[in-house]
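J.: What would the 3D arrangement of this be:
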Amino acid sequence: MTEAVTGAKNSEYASAELAIKTLQKAGRLDDQAIHDFARAGQFQRVVVGIAVMAAAKIDVVAEILTGVRNDAVLVPCKAANLTWPTVEAVLRTRQSQNPVSEQVIELAKKDYGKLTMETAQKTLRFLQVHASVSK
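T.: Numbers count the residues shown, from 1 in each chain. This next block holds a predicted model:
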């Protein structure tokens, strides 16, 4: 498997990994797939899909997406080249028990528009290196 998936540290992502591998081999792992997973509440598939699309480790993306900072979520999403509607669906899905406010969504939309893919990729690489050094 690709390096993106080698960082998974627990089995809760195993079935999601299999589903994402299958989609990737079929050439169907794209923005729409992530959007559909987010809307369906399939959080593990969202995490693994974004990790693969952004060439990142699953555990790093999982930590970001389960963290408290909405702004941090923008980084792997931009690195995966996701569209705003998909990012919004991801933001809303990850906070299902504590819905994100419309103010936060609007601020995130503005920030996402300013964030470049290059900056997001560099930031994600830094976070991955930091995570591997911290272990």
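J.: Restrict stretch 40-49 to CA atoms and write it as PDB.
T.: Provided in PDB are the C-alpha atoms of stretch 40-49 (Å, rounded to 0.1, in the frame of the first residue of the first chain):
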ATOM      1  CA  ALA A  40     -23.300   9.600   5.000                       C
ATOM      2  CA  GLY A  41     -21.400  10.100   8.300                       C
ATOM      3  CA  GLN A  42     -18.700   7.500   7.300                       C
ATOM      4  CA  PHE A  43     -16.000   9.300   9.300                       C
ATOM      5  CA  GLN A  44     -13.300   6.600   9.000                       C
ATOM      6  CA  ARG A  45     -13.700   6.600   5.200                       C
ATOM      7  CA  VAL A  46     -13.400  10.400   5.200                       C
ATOM      8  CA  VAL A  47     -10.200  10.200   7.200                       C
ATOM      9  CA  VAL A  48      -8.600   7.500   5.100                       C
ATOM     10  CA  GLY A  49      -9.800   9.000   1.800                       C
END
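J.: Now do it: everything it contacts.
T.: Stretch 40-49 has contacts (C-beta atoms under 8 Å, 6 or more residues apart in numbering) with 5, 8, 12-13, 15-17, 19-20, 23, 29, 33-34, 37-38, 58, 61-62, 65, 80, 90, 93-94, 96. For the C-beta atoms, the positions are set from N, CA and C on the backbone; glycine is no exception.
J.: ok, of these, which come out buried?
T.: When these are checked for burial by 16 or more other C-beta atoms under 10 Å, the buried set is 5, 8, 13, 16-17, 19-20, 23, 29, 33-34, 37-38, 58, 61-62, 65, 80, 90, 93-94.
J.: Give me the subset of the contacts of stretch 40-49 that lies in strands.
T.: Within the contacts of stretch 40-49, no residue falls in strands by DSSP state E.
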